[in-house]
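Q: The following comprises the amino acid sequence and a computationally predicted model.
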Amino acid sequence: MKDEIHPDTLDSSEQPRNGLDRVIFKFGNLISLLFVFTVAISFYEVLMRYVFNAPTIWVHETASFLGGCLFVYGGIYALSINKHVRVVLIYDIVSDRTRRWLNVFHHLMGLLFSGLLSWAAYQMVQDSWFTPFGDIRLETSGSAWNPAFPALVKGMIFMTLCIMFVQFSLHLIQELNGLRKRKDV
């Protein structure tokens, strides 16, 4: 039995709002199983190091890479089901209409935030994926194993921020449509 969040168990404000949110939600539930894999390989490393005195060179970097990527994905996952951080002290005491305007403000600030961070992440990706002459050469960790995880994490951050920008755009459009419809009623 999988222990995942099912959309039917969420209240209406925590439902994925559009097709992109539904894909992010379902994919997030699927890749969350990588946490189990991370725990398993970490257990393997402890066993190899302390029982067999044969430490690995790949487990720590792999576990850090997977954990970092899953943490970054968590941002768009939380946004997809409306579980992001907000100041509920204010949000919960205002009227429904004021809440909608606070949501519009939130989405506008989210667009600005994710847009600026996407630009910064693009710069990081460019530096970590390409040489000054434009040849592809992924930045590596510099360890004995030397995987390209630093470049891949930076690529994941960039991709996730771009998706978040699209999410905020879609949520803003939906919120503005909701305000317009309520005005027409």
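A: Ah, there it is. Numbers count the residues shown, from 1 in each chain.

Q: For the rest of this, base every contact and every neighbour count on C-alpha atoms.
A: Noted.

Q: Go through the helices and strands of this structure and name the one with the lowest mean pLDDT.
A: helix 88-91 (a mean of 81; mean pLDDT, DSSP states H and E).

Q: list the contacts for residue 73?
A: 28, 160 (Cα atoms under 8 Å, 6 or more residues apart in numbering).

Q: Tell me the buried residues in the host helix or strand of it?
A: Assigned by DSSP states H and E, residue 73 belongs to helix 59-80. By neighbour count on 16 or more other Cα atoms under 10 Å, the buried set for helix 59-80 is 59, 61-63, 65-67, 69-70, 72-74, 76-80.

Q: With stretch 91-107 instead?
A: So stretch 91-107, judged by 16+ other Cα under 10 Å, has buried residues 100, 103, 104, 106, 107.

Q: Helices of the chain, start to end?
A: 19-31, 34-50, 59-80, 88-91, 96-129, 149-184 (DSSP state H).

Q: now those helices in CSV, with distance to residue 141?
A: Listed next are these as CSV, based on distance: least, Cα to Cα, whole Å:
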stretch, distance to residue 141
helix 19-31, 24
helix 34-50, 19
helix 59-80, 9
helix 88-91, 41
helix 96-129, 11
helix 149-184, 6
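
Q: Out of those, which gets nearest to residue 143?
A: helix 59-80 (9.1 Å; Cα to Cα).

Q: and the closest one, how far from the chain's centre?
A: 7 Å (Cα atoms, centre = their mean, to the nearest Å).

Q: just stretch 146-164 next, same as before
A: Distance, stretch centre to chain centre, for stretch 146-164: 11 Å (Cα atoms, centre = their mean).

Q: distance of the most centrally placed residue in the chain from residue 85?
A: Most central in the chain under Cα atoms, centre = their mean is residue 73, positioned 2.2 Å from the mean C-alpha point. Taken as Cα to Cα, to the nearest Å, the spacing of residue 73 relative to residue 85 amounts to 15 Å.

Q: now swap in residue 131 and tell me
A: Distance from residue 131 to residue 85, by Cα to Cα: 38 Å.

Q: what about these two, which has more around it?
A: residue 131 (13 against 8; other Cα atoms under 10 Å).

Q: OK, contacts around the more buried one?
A: residue 137.

Q: Check the separation of the first and last residues in stretch 49-61.
A: End-to-end for stretch 49-61, by Cα to Cα: 15 Å.

Q: Fine by me, we can end here.
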